[in-house]
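[1] quick one: sequence plus predicted model below, questions after.
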Amino acid sequence: MHQNVDLVIDGSKISGRRGETVLDAALRYGICIPHLCHMPTLTDIGACRLCIVDHIKNGRSKVTTSCTLLVQEGMVIDANSERVRGLRRNIAELLVTQAPNSRAIQDIALRCGVTEPRYEFRSDDCVLCGRCVRACKEHYQAHAIGFVGRGQERHVEYPFREKPESCIMCRACVTLCPMSITPCDGPMKSGEGYFCGKCASLTQAPQYEAGDCTRCDLGEGFDCSGHL
Amino acid sequence: MPKIASFAELKAFGEQITADRDNEAILMTVCGGPGCQATRCHEVAAELRKELDSTSLNGKARLRVTGCHGFCEQGPIVVIDPSNIFYGQVKPADVKEIVDRTVRKGEVVERLLYVDPSTGKTVLTESEIPFYKAQTPTLLSQNRRVDPWSMEDYLAIGGYAALARVLAEIDPEKVISRIEASGLRGRGGGGFPTAAKWAACRAAHGEEKYVICNADEGDPGAFMDRGVLEGNPHSVLEGMIIGAWAIGANEGYIYVRNEYPMAVEHAKQAINQAREYGFLGEDILGSGMSFDIQVARGGGAFVCGESTALMASLEGKVGEPRPKDVHTVEHGLWNRPTTLNNVETWANVPAIINNGAAWFAGMGTDNSKGTKILALTGEVKNTGLVEVAFGTPIRTVVEEIGGGGRNGRAVKAVQTGGPSGGCLPESMFDLPVDFDVLWEKGSMIGSGGLVVMDENTCMVDIAKYFLKFLQDESCGKCVPCRIGVDRLLEIVTDITEGRGRPEQIELLKELGETVAQTALCGLGKTAPNPVLSTLRYFAEEYEAHINENRCPAGVCTELVEYSIDARTCNGCGACLKACPYAAIQGRKDKLHTIDLELCTKCGICLTTCNDNAVVVQ
């Protein structure tokens, strides 16, 4: 059985490894698809929806997350069509207004083209990307934290609100949190929030062109360009 | 109880039951559906039972308590056969008269007959009632003919004959091709072709395969699945066994929400009966097929009606959807090939086998075949469950079956398909009930909810209601649904409370589109439908709220003011006494006024005033 499959992303023909996701394949080739909840070696859950792409099949295109889409022979993916960029910008706008204190999320929002968010800022900090929960469960088998509650009440919590013995204080949860990756020191008290855009300096990316990874610092902590 | 071992035995047994029953003279059918239970039909049934037991009628007349007949508005309902006399809104005190006059003497109790509100004429028999006349009864009509606790009743109407035929003479592939020829599409909301699902599941690799019946019905105001599962559980079981034969499954689950205790109970006892009779278990009807069904109860989370969330919940995990890039027909329950269909879909299967695919395909439109049960609710005269052939115009459902607006008010719109569906204006009522047509118009059939709205309904408020429901019921896993729907609700709330800005309309559209395109599961993808469809067809109501600070229907309390019309007020003082906030002043026989500083717009004066002098603007 062939281990490799050929697929086309943004017009570039690339070779994917059978069983890997479109996002992983794209990142290996330096095609930057913004992402937040994806972490290499962790199970992808498709929660943040930033890594959406257009999957073009039989003349019809379907928007889906590239982190949960496995590569297939002859697949055609458009990761940066106008439609996808617009949708991604709107998602990033939702994220950055929910957790404006996170420099990582600010970076992503700027990168996705959000300049003036249209919603009031909330200082929720946690965007439920689940990196901490999955790392705790999958890397350390500690199961010390998990999601509790549904919908608006969903949050990350110890089982029964008490730190279990299985927590070995490895701090992987803290290290992986988008809040702790270069946290923003802006004045994010309720009502004082604004989107300063200073982190734009980190994202001096020219207009995106197919197959052209800008090696921006955006991927720091996300392992985006780490593969290159 | 005899275990039935072959097709021939089943046939003989069915004929025996029918023969035994021919000499029964009178059959009294009491609807025991949820609507009638709410109006205390069980007391009527108990009284009837007592009356029959205490008189010499025992043996000459029989009582049958069935599942939902559909005409909830008239509950409790008693139908007396063979003359088919229909008595509505029967009280326990009426029972003696019914037995004395109708059962003994064959007379009619006039005052209990149905009066057609549009003509004012009394209607004698059930079949002449306009509510039933315009329907195409196939599934729902069986409810009237079986006691859900009685296997004999189900066998008497030809139950399990389809299963016996399939096992004896139809190959699994041929079963699938018959379902394909019938054009059956999933009744749960997606409208996916059932045969394609079965064929993919049959072709999927794996020794163990599962079939699941989705009875986790959570739409506000909808109870189609409940009506079928409570009223005729064996039809669902029979469909599931046939489906299991077709795809090669040995285990099945009925996932039913715990808020439907009667459905849980009826499904469980039907499964036990089916095991006793040999329709479930090892070597069913001598075919060598082994299959069993279990009931799993859901905790009432709306999102668990989504297939992947339902399977997660069945596995004992948190009921959250997962991405469907790999389909559940290949990797479903416990990662094995799984076919999940809705209650109504399963119940259609035996009917298709019995009557033929051509019969089924003969009903409906090009792409939507058969019939659909709709839960008709809201501001309409006749509420209840109705079953119509696909292609029936919405107008027929609302006006002929539903009898038009309540209290003579004009109907403004219908909301179809539950919280994920959309609102269609009265001008589009000539559209047929059809999967694709409604989808194109920004709404959907969904599982079959149909809420009628009249001129007193504010469409922005309706959008807010459904967004609130979906915000509550979102699992919170993905960003567009959790934050996006919350932001939609925030904006719509701003609009209903007078803080709306004109540019928010575009933002609603853009955000709604984003959520619809990018959310993880069906719940999120359809969540913006109520707001998008009302924006599409009732934009003027949004504009009135934003630009003129006015709620045309007088619903949004922040935008209305109460006042008393000086010409109509007769100074009776009723409103003054009723107002809990002492906001109304006035002396007896003099004009009363409302102090707007104190008024909380609770609406009590409005309902108290007999002369309609309280004005809301």
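    Nice, thanks for sending it over.
[2] which residues of chain A lie near chain B?
    Within chain A, the positions near chain B by C-beta under 8 Å from any C-beta of the partner chain are A:45-50, A:52, A:63-65, A:68-70, A:86-87, A:90-91, A:94-95, A:98, A:118-119, A:127-128, A:147, A:149-154. Backbone N, C-alpha and C define where each C-beta goes, glycine included.
[3] please name the nearest non-neighbouring residue to the closest residue to chain B within chain A.
    In chain A, no residue comes nearer to chain B than A:Arg154, which is 3.4 Å away by C-beta to the nearest C-beta. Nearest residue to A:Arg154 in three dimensions, chain neighbours excluded: B:Gly476, at 3.4 Å (C-beta to C-beta, 6 or more residues apart in numbering or on different chains).
[4] so what's the one you found up against?
    Residues near B:Gly476 by C-beta atoms under 8 Å, 6 or more residues apart in numbering or on different chains: A:128, A:147, A:149-154, B:482.
[5] rewinding a little: can you flag which of the residues of chain A next to chain B belong to strands?
    With strands defined by DSSP state E, the entries of the residues of chain A next to chain B inside them are A:52, A:63-65, A:147.
[6] max pairwise distance over these: which two?
    Largest separation among these by C-beta to C-beta: A:Val63 and A:Phe147, giving 24.9 Å.
[7] could you report the pLDDT at the closest residue to chain A within the stretch 451-600 of chain B?
    With C-beta to the nearest C-beta as the measure, B:Gly476 is the residue of the stretch 451-600 of chain B nearest to chain A, at 3.4 Å. If you check B:Gly476, the pLDDT there is 93.
[8] weed out the non-buried ones from the residues of chain A next to chain B.
    Neighbour counting by 16 or more other C-beta atoms under 10 Å in any protein chain shown classes A:45-50, A:52, A:63-65, A:68-70, A:86-87, A:90-91, A:94-95, A:98, A:118-119, A:127-128, A:147, A:150-151, A:154 among those as buried.
[9] low-confidence ranges in chain A?
    Across chain A, the ranges flagged by pLDDT under 70 are A:1-2, A:181-228.
[10] which one is the spatially most central residue of chain A nearest to, not counting chain neighbours?
    Chain A has A:Leu36 as the residue nearest its centroid, 1.6 Å off, counting by C-alpha atoms, centre = their mean. In space, A:Leu36 comes closest to A:Cys48 once its chain neighbours are excluded; the distance is 4.1 Å by C-beta to C-beta, 6+ apart.
[11] can you tell me how far B:Leu507 is from B:Gly188?
    For B:Leu507, the distance to B:Gly188 (C-beta to C-beta, to the nearest Å) stands at 32 Å.
[12] typed the wrong thing, it's B:Arg275
    Distance of B:Arg275 to B:Gly188, given as C-beta to C-beta: 27 Å.
[13] who has more neighbours out of the two?
    Per other C-beta atoms under 10 Å in any protein chain shown, whichever of B:Arg275 and B:Gly188 has more neighbours is B:Gly188, with 25 against 14.
[14] mind checking what secondary structure the more buried one has?
    Under DSSP: H, G, I helix; E, B strand; the rest coil, the three-state class of B:Gly188 is coil.
[15] any idea how far B:Ala134 is from the residue nearest to it when sequence neighbours are not counted?
    If the residues on either side of it in the chain are set aside, B:Gly188 comes closest to B:Asn342, at 3.3 Å by C-beta to C-beta, 6+ apart. For B:Asn342, the distance to B:Ala134 equals 24 Å [C-beta to C-beta].
[16] higher neighbour count, these two?
    B:Asn342 (26 against 16).
[17] so what sits opposite the more buried one in the bridge?
    Listed by DSSP bridges, the beta-bridge partners for B:Asn342 are B:Asn214.
[18] the stretch 351-500 of chain B: helices as residue ranges?
    In the stretch 351-500 of chain B, the segments counted as helices under DSSP state H, counting those that start in this stretch are B:357-361, B:394-395, B:435-440, B:459-473, B:479, B:485-496.
[19] chain center to the longest one: distance?
    Its chain's average C-alpha position is 19 Å from that of helix B:459-473, according to C-alpha atoms, centre = their mean, to the nearest Å.
[20] residues of chain B that sit close to chain A?
    Proximity of chain B to chain A, by C-beta under 8 Å from any C-beta, involves residues B:301, B:303, B:318, B:322-323, B:325-326, B:471-480, B:482-484, B:486-487, B:490, B:507, B:510-511, B:514, B:517-520.
[21] ok, of those residues, which come out buried?
    B:301, B:303, B:318, B:322-323, B:325, B:471, B:473-480, B:482-484, B:486-487, B:507, B:510-511, B:514, B:517-520.
[22] can you list the domain ranges for chain A.
    Using automatic domain parsing, the domain parsing of chain A gives A:4-81, A:131-176.
[23] please identify the most buried of these.
    Most buried of the domains of chain A by mean neighbour count (mean count of other C-beta atoms under 10 Å in any protein chain shown) is domain A:4-81; its value is a mean of 20.
[24] so B:Met28 is in contact with B:Val103, correct?
    Yes: B:Met28 lies in contact with B:Val103 (C-beta atoms under 8 Å); the separation is 7.2 Å.
[25] what is in contact with the two at once?
    Counting by C-beta under 8 Å, 6+ apart, the residues touching both B:Met28 and B:Val103 are B:61, B:80.
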